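>>> coords please:
(chains A, B and C)
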Amino acid sequence: MILRQTAITLSAKPRGFHLITQEVLVHLDLHGCKLGVLQLFLQHTSASLTLNENASADVRRDFERFFRQSVPDDSPYFEHTYEGLDDMTAHLKASLLGHSVTIPITNGRLALGTWQGIYLGEHREHGGKRRLLATYWAEADA
Amino acid sequence: MILRQTAITLSAKPRGFHLITQEVLVHLDLHGCKLGVLQLFLQHTSASLTLNENASADVRRDFERFFRQSVPDDSPYFEHTYEGLDDMTAHLKASLLGHSVTIPITNGRLALGTWQGIYLGEHREHGGKRRLLATYWAEADA
Amino acid sequence: MILRQTAITLSAKPRGFHLITQEVLVHLDLHGCKLGVLQLFLQHTSASLTLNENASADVRRDFERFFRQSVPDDSPYFEHTYEGLDDMTAHLKASLLGHSVTIPITNGRLALGTWQGIYLGEHREHGGKRRLLATYWAEADA
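Residues are numbered from 1 along each chain as shown, chains lettered A, B, ... in the order given. Prediction:
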């Protein structure tokens, strides 16, 4: 049985959705993991992790447009806006999309579908670097 | 320690929400799993997995009505609509609801609450068959 | 390898979002867990678990305002309202936010970010006590 944990620091990114599959994968050592699971956990409350299309960049642009419209920065009823109009809406998007993704591992690779990639949702205008914790557990190759 | 992984193909379903608990369970061998966890992972970006009420079919109908209304197919600002008006909205619903569910195992059974069942959210008009990967890890019965 | 499972009963709470980190932690024995993962699973379909800000209570109030506005109790098209106007909206919020959270464990502690806490979303007016199942797996300290 393999059980590993690695801290990953993602570079600072502008507000919006970003494909981070490769930026994450370089930090993992999946060799010898016959079958198992990876959990990626974001240690923040104003950014999110999700899986979605890895090909067309317009999907990521449409994500940002949709979430700006359905969780509007200028909602008049928010109390928690000390750090700006993107403060409370970032917290909401973080919980709507989630703080983590959990992905199976098969034969030393993430068992993502053909079109699946890992997205970071950066919901602050100036979110800075983001910390991830990758934990994975797997049966070792014989 | 038990660690197993099984691929499951779900039959093609119409757009909407579908109770798939039994269709999934027949593919799992939970005998001898004293306590542990099951992760079900959908290898697609236009369908979703969630848990909700397993009794009244009207909950599933209300889910479909709610998501059609809050993520409208005819939103004028979407770029990514190459495959039709249900293309981009399917991607959004997949991330709002999520690509996976994680369920504890106790004494050889899923430890679902009395009213909990597994839903497939089929967000495309013609999504076809859907591929799941079931991974579970558990302490074996003595 | 450590693999443990514990049932937790949360006290009844009013409709809204509640910080439950301490109420959960007293039920866990993470001593000797060098690195691993905790899954908290809610055995209900009308309440939710998520992670968000652990400091300002106004974040929790803004969560409740936002979800009352974006999943309105008085939506005219809901069929499933047998138990009141908070019945169907509770089911929807449960799936939008999710039935579980999965958190890494490092050196005998939950590896939450500085500002992260565990929220229970109580979406019914009179939800009563709520049952959680905590399952955790970890490498034991040498």
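>>> Now do the closest residue to chain B within chain A: how many residues are near it, please.
Using CB to the nearest CB, the single residue of chain A nearest to chain B is A:G113, 3.1 Å away. All C-beta atoms are positioned from the backbone trio N, CA, C, and that covers glycine. Neighbours of A:G113 under the rule other CB atoms under 10 Å in any protein chain shown: 17.
>>> Tell me the secondary structure at it.
With DSSP: H, G, I helix; E, B strand; the rest coil as the basis, A:G113 sits in coil.
>>> Now for the nearest residue in space to it that is not next to it in sequence: which residues touch it?
Take A:G113 and drop its neighbours on the chain: the residue closest to it by CB to CB, 6 or more residues apart in numbering or on different chains is B:Q43, 3.1 Å away. Contact partners of B:Q43, counting by CB atoms under 8 Å, 6 or more residues apart in numbering or on different chains, are A:111-114, A:116, B:131-133.
>>> Farthest pair within those?
A:T114 and B:L132 (14.7 Å; CB to CB).
>>> Show me what the longest helix seen in chain A is packed against.
Ranked by residue count under DSSP state H, the longest helix found in chain A is helix A:57-70. Packed against helix A:57-70 by the contact rule (3 or more CB pairs under 8 Å, 6 or more residues apart in numbering or on different chains; DSSP states H and E) you find strand A:16-19, strand A:47-53, strand A:116-122, helix B:86-97.
>>> which outside residues touch the first one?
Right, the one you point to is strand A:16-19. Here strand A:16-19 makes contact (CB under 8 Å, 6+ apart) with A:52, A:54, A:60-61, A:63-64, A:117-122.
>>> do that again at 6 Å, thanks
Contact partners of strand A:16-19, identified using CB atoms under 6 Å, 6 or more residues apart in numbering or on different chains, comprise A:60, A:63-64, A:117, A:119-121.
>>> Could you pick out the buried ones from those?
A:60, A:63-64, A:117, A:119-121 (16 or more other CB atoms under 10 Å in any protein chain shown).
>>> would you turn those into JSON lines with pLDDT?
Compiled in JSON lines, the buried ones among the contacts of strand A:16-19 are given as follows (pLDDT from 0 to 100):
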{"residue": "A:R60", "pLDDT": "98"}
{"residue": "A:F63", "pLDDT": "98"}
{"residue": "A:E64", "pLDDT": "98"}
{"residue": "A:G117", "pLDDT": "98"}
{"residue": "A:Y119", "pLDDT": "98"}
{"residue": "A:L120", "pLDDT": "98"}
{"residue": "A:G121", "pLDDT": "98"}
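>>> Can you name the two of those residues that sit furthest apart?
A:E64 and A:G117 (15.8 Å).
>>> Centroid-nearest residue for chain A?
A:L49 (2.3 Å; CA atoms, centre = their mean).
>>> Next up, the contacts around that one.
A:40, A:42, A:100-101.
>>> and what of A:A140?
Applying CB under 6 Å, 6+ apart, the residues near A:A140 are A:2, A:32.
>>> Quickly list what it is bridged to.
A:C33 (DSSP bridges).
>>> What does the pLDDT read for the closest residue to chain C within chain A?
Of all residues in chain A, A:Q43 sits closest to chain C, at 3.1 Å by CB to the nearest CB. Model confidence at A:Q43, given as pLDDT, is 98.
>>> How much space separates it from A:R130?
8 Å (CB to CB, to the nearest Å).
>>> ok, now A:W137?
In terms of CB to CB, A:W137 sits 23 Å off from A:R130.
>>> which of the two has more neighbours?
Under the criterion of other CB under 10 Å, the comparison of A:W137 against A:R130 puts A:W137 first, with 26 against 22.
>>> So which bits of chain A are right by chain C?
A:1, A:3, A:5, A:39, A:41, A:43-45, A:77-80, A:88, A:91-92, A:95, A:99-100, A:133, A:135 (CB under 6 Å from any CB of the partner chain).
>>> how about 8 Å then?
A:1, A:3-5, A:39, A:41-45, A:70-71, A:75, A:77-80, A:88, A:91-92, A:94-96, A:98-100, A:102, A:131, A:133, A:135, A:137 (CB under 8 Å from any CB of the partner chain).
>>> contacting residues around the nearest residue to A:G32 once chain neighbours are set aside?
Residue nearest to A:G32 in three dimensions, not counting chain neighbours: A:D141, with 5.0 Å by CB to CB, 6+ apart. The neighbours of A:D141, taking CB under 8 Å, 6+ apart as the test, are A:32-34, A:108.
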